[in-house]
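[1] Sequence below, structure please.
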Amino acid sequence: MKWLKQRKHIMKFIVCSLDDAYSKYSNQITDLESRALVVSYGYSVDRVKSYIQGFDRENTINVQVCMIFEAEKLLGLFPFSRAKLNKFLPFKIYQNWTDDYNYVGDPLLDKAQLESVLDFFFNWLTKHNIFFIFNSITNKNLKSKLQKHTECQQRQC
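    Numbering: from 1, shown residues only. Predicted coordinates for the structure are as follows:
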């Protein structure tokens with residue numbers, strides 16, 4: 001009997017500007033929306049592209065996007081900005097992106113891979129000495145998981 005080795009795909013991070021993410025990866029983001037635990041209109045491709053194209057161009061300069069891929073499949077999307085806290089802290093602090101027209105801060109996460117994506121995300125944050133604040137999370141299941149990871153991260157700081 002022949003055994004086939006399953007090739008494991010390694011997750012990887014891509015961090016880029018909001019504009020780059022939504023212009024280069026719009027098809028993957030749309031696909032992720034169909035598989036996401038929480039679908040946030042605020043992070044939808046159409047909404048963000050119209051936002052970038054002049055609605056509030058000044059504010060998008062400070063917004064970055066962390067994307068987690070496995071092979072070519074997008075599993076997680078975390079738009080974020082730098083938190084306005086003490087700059088003399090020994091670690092970086094970021095927060096999920098919300099604005100006056102997008103008050104829902106739930107990241108787009110593949111519901112089938114939720115745990116592994118969150119583990120990968122928080123391990124990456126810890127490795128790079130980054131503390132992440134989540135605001136306006138609406139999904140109770142996701143909020144609970146994020147709180148668990150955040151508490152663990154707080155203990156390590």
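
[2] So, low pLDDT: which residues of the protein?
    The chain contains residues with pLDDT under 70 at 1-9, 54-61, 85-88, 99-104, 154, 156-157.

[3] buried sites along stretch 24-42?
    Neighbour-count burial for stretch 24-42, counted by 16 or more other C-beta atoms under 10 Å, picks out Y25, Q28, I29, L32, E33, R35, A36, L37, V38, S40, G42. To be clear about C-beta, it is placed using only N, CA and C from the backbone, and glycine gets the same treatment.

[4] Excluding chain neighbours, what is closest to the fifth one?
    Here the nearest residue to E33 in space, its sequence neighbours aside, is V39; by C-beta to C-beta, 6 or more residues apart in numbering that works out to 5.4 Å.

[5] Which secondary structure state is assigned to that neighbour?
    Here V39 is recorded as coil under DSSP: H, G, I helix; E, B strand; the rest coil.

[6] what do you get for the one 10 residues further on?
    Here K49 takes the helix state, with states given by three-state DSSP.

[7] show me what contacts the nearest residue to it once chain neighbours are set aside?
    Take K49 and drop its neighbours on the chain: the residue closest to it by C-beta to C-beta, 6+ apart is Y22, 5.7 Å away. Y22 sits next to I29, V45, V48, K49, I52, V65 when contact means C-beta atoms under 8 Å, 6 or more residues apart in numbering.

[8] dump the residue contacts of the fourth one.
    Right, the one you point to is K49. By C-beta under 8 Å, 6+ apart, the neighbours of K49 are Y22, S23, S26.

[9] what's the closest non-adjacent residue to I137?
    K143 (4.4 Å).

[10] What is the neighbour count of the one you found?
    Counted with other C-beta atoms under 10 Å, the neighbours of K143 add up to 15.

[11] Also the one 5 residues further on?
    With neighbours defined by other C-beta under 10 Å, the count for K148 comes to 12.
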